[in-house]
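**Q** predicted model and sequence follow; I will ask about them next.
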Amino acid sequence: MRFLLVAGLVLALPMSALAQGTPTSNRLDGSGPPAAASAARLAPASVGETDVDFISSYYQQNGDHGAVEGGIGTQHLTDVSPTIILNVPLDSVARLTANVGFDYYASASTDRIDQVLSSPSSRDVRYHLDLGYSRTLKDKRTILGLGGGASKEYDYQSFNLAGSWTHGSRDGNRELSIGGQVYSDQVTLILPVELRTGTTGTGNQKHGSGFDNRQSYNLNIVYSQVISKRLQLAVSTELVTQRGLLSTPFHRVYFYNSAPELGTPGQLGTAKTELLPRLRTKYPVGLRLNYYATDLVQIRGFYRFYNDNFGIRAHTFELEAPVKVTPFFTLYPFYRYHTQTAATYFAPYLAHSTADEFYSSDYDLAAFTAQKLGLGFRYAPLYGLSRFKTPFGDRVAKFKSIDLRYGHYWQTTGLTANIVSVDFSFVMP
Amino acid sequence: MKLSAFFRPVALGLLLAGAGALPACVSVAAYQKAYLNDEDMKLATKKVETPEVNFESYREGAGGANGGKVGGGCGCN
């Protein structure tokens, strides 16, 4: 399999010399700092118009394998995450992008760090801001992008820098995009209450024993290709190396045996905080295939193979079938299937030995199968839903479209989740 | 039969199909791209889908490969 992946990339790279023009993201999942705009998005018609997207979501999950309590606690969690995405053309070749927002979340599991239900850890807000600048070079087929951003929450802050290069082919049928991100994170070490060695500190120190760091280096490569008038595909990879603290300090692990240095076992058994290696490398590769089957139905397919040095191997399939009920109203049912093997260092509650070098009872690292089923709709009339005057002069803005979707997610571990998200899209002159 | 044993040939088939399709592609002119320029034909994750991708990257050890739990936030507990 590895040979095939490498062979695929080697085959794809020489063809990139001819590359170009389909609208691709330079990341597998669209997350992180804004990517450089694709050549196809730099149409002259959009110059002077600012795109604004207001995206919001409500997410709720339930389960009984919370890692804070060693794999036996509640996983109840709710999250609300409003985000604004701006895309501002500065002139015919340059544009700015911004992604700003926050996550407000309430987690029953983190409440158990202190075993006190009213602890402040039961809820938190994460703020994030990412900015990007992209510029089309004189050849009109190459786009360079630079970006950076930061996020902050109670016990975690992260800074990132990003750069990207995108080149399209002369006929607009191929495109190669290469991007990289560097993340530098600082983690406040908040330990479970019974495992703290010193509790007399102040500020962040009072819950733990200092700070640790994490660095992540991502390299993403996307090659897209038009196959026919109705079919196009993209092959992508995102290679990741992470160094530093990769375990979560307030995740407990309970062992079936004891160790003298840990003293008398507590009520639930002998416990330590989760410990994982300080180096992780990930090798995912994805394939997107979009087919315009008929004027009524399109098919969007995605497959990803994932492998890492923690011992996790995974396959993910996604299928979406947009149905055009009218030219401006689209319904799209979607289905996702994911299966993964367990990390070498994972074991359930009371299944680890104190002799283990690394240990975790975080079910995110367990072997399971997950499925997601949902339905979305998009309404995008040709002349927009409405127009209104903005506070900035007498400019008239257009409410361009609304995109709403609901998904139900379930794992074989028992975790279930529901999510509703909406995107209100506007155009400012 | 183990799932991985089932998916291995499927994955191989998809990759080979993708690789096989590349040389078979035809040159499509800009004026012939009405279908390809359709909103639903974009080769990227939709913006409205981003929150789902984020929570999946937290809930699945193999998720996203987006730098892991960078930035913490939703679902990291």
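**A** Sure thing, it's come through. In this text the structure is predicted, and so the values were computed from the model without any measurement. Numbering: from 1, shown residues only, chains lettered A, B, ... in the order given.
**Q** the helix or strand harbouring residue A:399 packs against which elements?
**A** Using DSSP states H and E, residue A:399 maps to strand A:396-411. Counting contacts by 3 or more C-beta pairs under 8 Å, 6 or more residues apart in numbering or on different chains; DSSP states H and E, strand A:396-411 packs against strand A:329-340, strand A:368-379, strand A:386-389, strand A:416-428, helix B:50-59. The C-beta positions use only the backbone N, C-alpha and C, and glycine is treated the same way.
**Q** look up the residues forming beta bridges with residue A:185.
**A** residue A:158, residue A:214 (DSSP bridges).
**Q** re the thing from before, the strand holding residue A:399 vs strand A:329-340, what angle?
**A** Compare the direction of strand A:396-411 with that of strand A:329-340 by axes from the mean of the first three to the mean of the last three C-alpha atoms, to 10 degrees and you get 40 degrees.
**Q** what about residue A:131, how many neighbours?
**A** 18 (other C-beta atoms under 10 Å in any protein chain shown).
**Q** over to it. Which of the three states is it?
**A** Per DSSP: H, G, I helix; E, B strand; the rest coil, the secondary structure class of residue A:131 is strand.
**Q** endpoint to endpoint, stretch A:357-366 covers what distance?
**A** From its first residue to its last, stretch A:357-366 covers 18 Å (C-alpha to C-alpha, to the nearest Å).
**Q** what about it, near chain B?
**A** Yes - judged by C-beta under 8 Å from any C-beta of the partner chain, stretch A:357-366 and chain B are in contact via A:364-366.
**Q** which of the residues you listed has the largest number of neighbours?
**A** residue A:364 (27 neighbours).
**Q** list the contacts of residue A:365.
**A** By C-beta atoms under 8 Å, 6 or more residues apart in numbering or on different chains, the residues touching residue A:365 are A:310, A:312, A:342-343, A:345-346, B:61.
**Q** thinking again about what came up before, deepest in the core, which of the helices and strands packed on strand A:396-411 is it.
**A** Among those, helix B:50-59 has the highest mean neighbour count (mean count of other C-beta atoms under 10 Å in any protein chain shown), at a mean of 23.
**Q** related to what we said a few turns ago, so for the strand holding residue A:399, what gets flagged as buried?
**A** By neighbour count with 16 or more other C-beta atoms under 10 Å in any protein chain shown, strand A:396-411 contains the buried residues A:397-398, A:400-401, A:403, A:405, A:407, A:409-411.
**Q** dump these to CSV, plus distance to residue A:220 and pLDDT.
**A** Below are the buried residues of strand A:396-411 laid out as CSV (distance: C-beta to C-beta, whole Å; pLDDT from 0 to 100):
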residue, distance to residue A:220, pLDDT
A:397, 33, 89
A:398, 33, 92
A:400, 29, 95
A:401, 28, 96
A:403, 25, 97
A:405, 25, 97
A:407, 25, 98
A:409, 25, 98
A:410, 29, 98
A:411, 27, 97
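**Q** ok, the residues you listed vs residue A:49, which is closest?
**A** residue A:398 (8.9 Å; C-beta to C-beta).
**Q** isn't the closest one right up against residue A:427?
**A** Yes - assessed by C-beta atoms under 8 Å, residue A:398 is found in contact with residue A:427 at 4.6 Å.
**Q** overlap in contacts of these two?
**A** With C-beta under 8 Å, 6+ apart, residue A:398 and residue A:427 have common neighbours residue A:384.
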